[in-house]
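In: Here is a sequence together with a model predicted from it:
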Amino acid sequence: MDGPAARSLHLQILNMAKILTKELLREAIETVKEVYLEDRIPWICGYSGGKDSSATVQLVWMALREIPPEKRAKTVHVISTDTMVESPVVALWAKKSLQRMKEGAEREGLPIVPHRLTPAIEDTFWVNLIGQGYAFPRVNFRWCTDRLKIGTSNRFIRQILAAESEAILVLGSRKAESAARRRVMEGYEEKRYRAHLSPNGSYPNTYVFTPIEDWEDSMVWQFLMQHENPWGQSNKDLLAMYRGASADNECPMVVESGTPSCGGSRMGCWVCTMVAEDRSLSAMIRNDEEKSWMLPLLEFRNYIACCRQGSDLTPNEMDRQRRDFRRSSGCLTWHRGRLVHGPYTKEAREDFLRRLLRLQLFIERNAPPEVRGAELITMEELRAIRRIWLEEKHEFCDSLPIIYKEVTGKEFEDSTVVKNRYYGREEWDLISEICRERYPGYTLLPGLVGSLLDTESRNTVLGVRRNAVKSLEAEIRHSFYRDEKDAEEMLRARRLRQGLPDDTPGADEAPDGTPLAASFSSGEAC
């Protein structure tokens, strides 16, 4: 963004109520230098690529430049957590920025080391949604934040603590972000370990330094517009990216569950279902014709979240129809006169995968050249999903390679999984056909027979007989019922014998039907 439009925006920022004076900026730089030189505790800067974290890292960079080389005794780790479901535009921006940061720090001899962090493969969004079949994240079942951001950041912090014993987290948190943020930050101020260092509620021996804590939004933008980014990333392009969406927040570095998630902010995940409507992604598409290729991303996100599907049912009711009436353990949970549904069915998981692979092909063919290489799902994730389907869900039909070839036209390469040597797709289809013909009302029977055969054959191949009977019994209990109606009637009868009414709330579902991540309650039967 250049020319009159850029100058106009620049003037608008300067005319806002709060001004960052030269004195305030000098005070901030001196504070950073003071805290840096006080000890040899390594720093960990959270960096998302948004305005606050960009301003914080830029401020640290400017301060380090003023410190003599012989006194730059400790490393400043700049960590950027890539959830692997970031908007392709934002992911590309952050990736380029980290590379330029690395090159710039080496060129200037600064002790800044950028790190791109990603979740453990078993914690990624697609491995849990498509592999395990977890219901899409929502307010009362927010499994994504812990796995994608908190766990990823904390794993790095633990590594630093193991090597150095202490660490200082340098964050772009500001009191002006919200009244709640102000209360939290002021509460930690009262417990400060020393000047400018607050305790970290998640880890002992870690402290939090927030150098722009008293800055207003206008001061952040003024700083970014008046001072060129030292590692070569364009702050004007960053402003343009913010203007392209309706919100004005960024995705913070999350190190504890009390920190707001990225839902609703422009720097959040493109598949985020924590909000009813992704206004940020919608605005980016609406405000920039060059981003119209992102519309299928928004449509797939809405499909997962059951938004705008032309149905009179609520999103929770629509999603309930895609999920198994049993928990992953086979237990039944009762709430308000009916069963609480658990993970997505085999058909729903395969449907999600097929649509995601088609979307990947669309991006490769229609996105701008610089984004076409973006992976919506990685091969490592696909292999992890395949392993879960084969080994944990006993789906020896091995449908993932078939779906992959059907959509991409390529063979699926995977040497990490040991397939069932006795049974495959042909046997799975035969079992399904026989069960339908001879036992038409027993909808769970094909899955039960398949699980029993797979469990027995795996025990035979591995030569492990211990606990084999228990494993078979567990599979029988998991599919003990004819269908959902049979399971519901059985559990209702059991509850009546126990003197429990139909409308007794369960412990793991909210009044609106939203499942909670709670432990099993007395409303369950296994």
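Out: Arrived safely, thanks for sending.
In: Please make it C-alpha for all contacts and neighbour counts, starting now.
Out: Noted.
In: where do the strands sit along the stretch 101-250 of the chain?
Out: The residue ranges that make up the strands of the stretch 101-250 of the chain, judged by DSSP state E, counting those that start in this stretch, are 112-117, 167-170, 198-199, 206-209.
In: where in this protein is pLDDT low?
Out: In the prediction, the chain carries residues with pLDDT under 70 at positions 1-17, 245-267, 279-280, 288, 290, 461-466, 502-526.
In: For residue 127, see how far away the residue nearest in space to the middle of the chain is.
Out: Centroid check for the chain by C-alpha atoms, centre = their mean gives residue 148 as the closest residue, at 3.9 Å. Counting by C-alpha to C-alpha, to the nearest Å, the gap between residue 148 and residue 127 amounts to 11 Å.
In: now swap in residue 228 and tell me
Out: 40 Å.
In: Mind checking which of these two has more residues around it?
Out: Between residue 228 and residue 127, counted using other C-alpha atoms under 10 Å, residue 127 has the larger neighbour count: 22 against 14.
In: Who's the closest spatial neighbour of the more buried one, skipping the chain neighbours?
Out: residue 385 (5.6 Å; C-alpha to C-alpha, 6 or more residues apart in numbering).
In: dump the residue contacts of the residue lying closest to residue 200 once chain neighbours are set aside.
Out: Excluding the flanking residues, the one nearest residue 200 by C-alpha to C-alpha, 6+ apart is residue 207, at 5.2 Å. With contacts defined as C-alpha atoms under 8 Å, 6 or more residues apart in numbering, the neighbours of residue 207 are 167, 168, 169, 193, 197, 198, 199, 200.
In: repeat that for 6 Å
Out: Taking C-alpha atoms under 6 Å, 6 or more residues apart in numbering, we find residue 207 in contact with 168, 169, 197, 198, 199, 200.
In: again with residue 151
Out: Applying C-alpha under 6 Å, 6+ apart, we find residue 151 in contact with no residue.
In: where's residue 236 relative to residue 454, distance?
Out: With C-alpha to C-alpha as the criterion, residue 236 and residue 454 are 58 Å apart.
In: Please apply the same query to residue 499.
Out: 39 Å.
In: what's the answer for residue 390, then?
Out: Here the criterion is C-alpha to C-alpha. By it, residue 390 lies 9 Å from residue 454.
In: Tell me which of the two has more neighbours.
Out: Set side by side, residue 390 and residue 454 show more neighbours around residue 454, with 24 against 21, by other C-alpha under 10 Å.
In: The more buried one sits in which helix or strand?
Out: Residue 454 is part of helix 445-462 when elements are defined by DSSP states H and E.
In: Just to be sure, residue 78 is in a strand?
Out: Yes: secondary structure assignment (DSSP: H, G, I helix; E, B strand; the rest coil) places residue 78 inside a strand.
In: Make sure it is actually in contact with residue 114.
Out: Yes: at 4.5 Å, residue 78 counts as touching residue 114 under the criterion of C-alpha atoms under 6 Å.
In: Using JSON lines, please lay out the strands of the stretch 101-250 of the chain together with distance to residue 182.
Out: As requested, the strands of the stretch 101-250 of the chain are exported to JSON lines (distance: least, C-alpha to C-alpha, whole Å):
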{"stretch": "strand 112-117", "distance to residue 182": "28"}
{"stretch": "strand 167-170", "distance to residue 182": "17"}
{"stretch": "strand 198-199", "distance to residue 182": "14"}
{"stretch": "strand 206-209", "distance to residue 182": "15"}
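In: between these, which one is nearest to residue 358?
Out: Taking C-alpha to C-alpha, strand 112-117 is the member of those nearest to residue 358, at 26.9 Å.
In: contacting residues around that closest one?
Out: Contacts with strand 112-117, where a contact means C-alpha under 6 Å, 6+ apart, come from 76, 77, 78, 79, 80, 81, 82, 105.
In: for stretch 382-393, same thing?
Out: Counting by C-alpha under 6 Å, 6+ apart, stretch 382-393 makes contact with 127, 131, 395, 396, all of which sit outside it.
In: so how far is it from its chain's centroid?
Out: Using C-alpha atoms, centre = their mean, to the nearest Å, the mean C-alpha position of stretch 382-393 is found 20 Å from that of the whole chain.
In: For that stretch, measure first residue to last.
Out: From its first residue to its last, stretch 382-393 covers 15 Å (C-alpha to C-alpha).
In: from here on, count from 20
Out: Sure, I'll start counting at 20 from here, so that last one is stretch 401-412.
In: which of the residues in it are buried?
Out: Along stretch 401-412, the positions that meet the burial threshold by neighbour count (16 or more other C-alpha atoms under 10 Å) are 401, 402, 403, 404, 405, 406, 407, 408, 409, 410, 412.
In: could I get these as TSV with distance to residue 62?
Out: Below are the buried residues of stretch 401-412 laid out as TSV (distance: C-alpha to C-alpha, whole Å):
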residue	distance to residue 62
401	35
402	36
403	34
404	36
405	39
406	39
407	38
408	42
409	43
410	42
412	44
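In: and which of these is nearest to residue 343?
Out: The closest of the buried residues of stretch 401-412 to residue 343 turns out to be residue 412 (C-alpha to C-alpha; 12.7 Å).
In: For residue 351, give me the backbone phi and psi.
Out: For residue 351, the backbone dihedrals are phi -110, psi 140 (criterion: degrees, to the nearest 10).
In: From residue 360, how far off is it?
Out: From residue 351 across to residue 360, the span is 8 Å (C-alpha to C-alpha).
In: Count the residues that sit near residue 504.
Out: Considering only other C-alpha under 10 Å, residue 504 is surrounded by 13 other residues.
In: same thing with residue 434?
Out: With other C-alpha under 10 Å as criterion, residue 434 counts 8.
In: repeat for residue 236
Out: Neighbour count of residue 236, defined by other C-alpha under 10 Å: 19.
In: and what of residue 189?
Out: 25.
In: How about it: which residues does it bridge to?
Out: When bridges are called by DSSP bridges, residue 189 pairs up with residue 64, residue 228.
In: Just list the residues touching it, thanks.
Out: Under the criterion of C-alpha under 6 Å, 6+ apart, the neighbours of residue 189 are 63, 64, 227, 228, 229.
In: gap between the closest residue to residue 201 other than its chain neighbours and residue 182?
Out: Of all residues not flanking residue 201 in the chain, residue 194 sits nearest, at 4.2 Å (C-alpha to C-alpha, 6+ apart). Noted for residue 194: a distance of 32 Å to residue 182, by C-alpha to C-alpha.
In: neighbour-wise, which of those two wins?
Out: When neighbours are counted by other C-alpha under 10 Å, residue 194 and residue 182 differ, and residue 194 comes out ahead with 19 against 10.
In: Determine which two of the contacts of strand 131-136 are furthest apart.
Out: 101 and 124 (21.1 Å).
In: more neighbours, the two?
Out: Set residue 101 next to residue 124 and count neighbours by other C-alpha under 10 Å: residue 101 wins out with 20 against 17.
In: how about the strands in the stretch 320-469 of the chain?
Out: Along the stretch 320-469 of the chain, the stretches classed as strands by DSSP E, counting those that start in this stretch are 351-354, 357-358.
In: So for stretch 236-252, what gets flagged as buried?
Out: Neighbour-count burial for stretch 236-252, counted by 16+ other C-alpha under 10 Å, picks out 236-244, 248-250, 252.
In: thinking again about what came up before, out of the contacts of residue 189, who's the most crowded?
Out: Comparing the contacts of residue 189 by number of neighbours (other C-alpha under 10 Å), residue 64 comes first, having 27 neighbours.
In: for it, what are its contacts?
Out: Taking C-alpha under 6 Å, 6+ apart as the definition of contact, the neighbours of residue 64 are 96, 97, 188, 189, 190.
In: What of residue 63?
Out: With contact set as C-alpha under 6 Å, 6+ apart, residue 63 has these partners: 95, 96, 97, 188, 189.
In: you'd agree the fourth one is up against residue 227?
Out: So that's residue 188. Yes: using C-alpha under 6 Å as the test, residue 188 is close enough to residue 227 to be in contact (4.7 Å).
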